[in-house]
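Colleague: I need the structure of the sequence given here:
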Amino acid sequence: MDEYLKEVGKKIKKIRKLKNMTLDDLAKKINKSKSAVSKYENGEINIDLVTLKEISDVFEIETARLIPQNILKPKKKSIDLDKVPRFFKEDSKIYSYYYDGRNSKILKSLIEISGGEDKDHRVSMYMNISDYDFPYICENTYYGNIEHFDSITRINLYNKYTDLEKPNISILSPFVDSEIRWGLWSGISIRPIMPAAIKMLFSTRILDEDKELQKKLILNREDMAYIKKFNMFSVF
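Modeller: Okay, here's the model as predicted:
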């Protein structure tokens, strides 16, 4: 039980800091003393389910995210693995990257693919994250489904918080034996609100966010040539 409380406390502390909240900020929002919240984070006292729910509501995440994963029963797989491309078969997590010219930096996201029976909630995407261990602390959260075809895998998403945004991701050649694939994210940009399409790199492993990756992500002469030729933004 002590190890369980310490693990829960570590998660609460990490997420609180990612949310730029102080101990006092969190204590006030859940009507507890600063001392009590500190003891929760250090695993010194038991935390009841109601308080855990209140904390998750403040963090705007599911309560299950604060519970150590080793005590949660995994869902049974219901996907026919013979019809799943190799790119998605061995990993339930896909790392994605794109270059945002508005602030001149690489932004990273995480896609989690489950094998649950709910086909409309098989994919979770956490876009613009800062920590892969806590991806749900992000700019935007999406849920949706995934469809595999011979030449393209299509991911259909909807924004957790607004019906305004329902983006689509198309990933090229998913059956090719490679750990990195190019794709196109298309939907609505919130800053400012406008239709947008993004050249995005998808990987089965975490990539170094260096100048080499940045060079790959920035639109190059070949991209611009295709745009000029077809009068549309495409990824090859």
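
Colleague: and the residue nearest to the spatial centre of the chain, how far is that from L26?
Modeller: By CA atoms, centre = their mean, the chain has its centre lying nearest to Y126, at 2.0 Å. Y126 sits 22 Å away from L26, taking CB to CB, to the nearest Å as the criterion. Where C-beta positions appear, they are placed from N, C-alpha and C, glycine not excepted.

Colleague: what sits against the nearest residue to P174 once chain neighbours are set aside?
Modeller: Nearest residue to P174, sequence neighbours excluded (CB to CB, 6 or more residues apart in numbering): P85, at 3.5 Å. Listed by CB atoms under 8 Å, 6 or more residues apart in numbering, the contact partners of P85 are 148, 153, 174-175.

Colleague: give the pairing partners of the one helix or strand the residue nearest to the centre of the chain maps to; include direction for each.
Modeller: Take DSSP states H and E as the rule and Y126 turns out to sit in strand 123-129. Its sheet considered, strand 123-129 pairs with strand 105-113 (antiparallel), strand 138-148 (antiparallel) by DSSP bridges.

Colleague: to I55, which of those lies closest?
Modeller: Nearest of the strands paired with strand 123-129 to I55, taken as CB to CB: strand 138-148 at 17.7 Å.

Colleague: ok, back up a step: so for the strand holding Y126, what gets flagged as buried?
Modeller: Under the neighbour-count criterion of 16 or more other CB atoms under 10 Å, strand 123-129 has 123-127, 129 buried.

Colleague: V176 versus L217, what's the distance?
Modeller: On the measure of CB to CB, L217 and V176 end up 20 Å apart.

Colleague: those two - which one has more neighbours?
Modeller: Neighbours per residue, other CB atoms under 10 Å: of L217 and V176, the larger number sits with L217, 19 against 12.

Colleague: which ones are touching the more buried one?
Modeller: Here L217 is in contact with 97-99, 106, 199, 201 (CB under 8 Å, 6+ apart).

Colleague: name the SS class of the closest residue to L213 other than its chain neighbours, please.
Modeller: In this structure, L213 finds its nearest non-sequential neighbour in L207, 5.7 Å apart by CB to CB, 6+ apart. Secondary structure, DSSP: H, G, I helix; E, B strand; the rest coil: L207 is coil.
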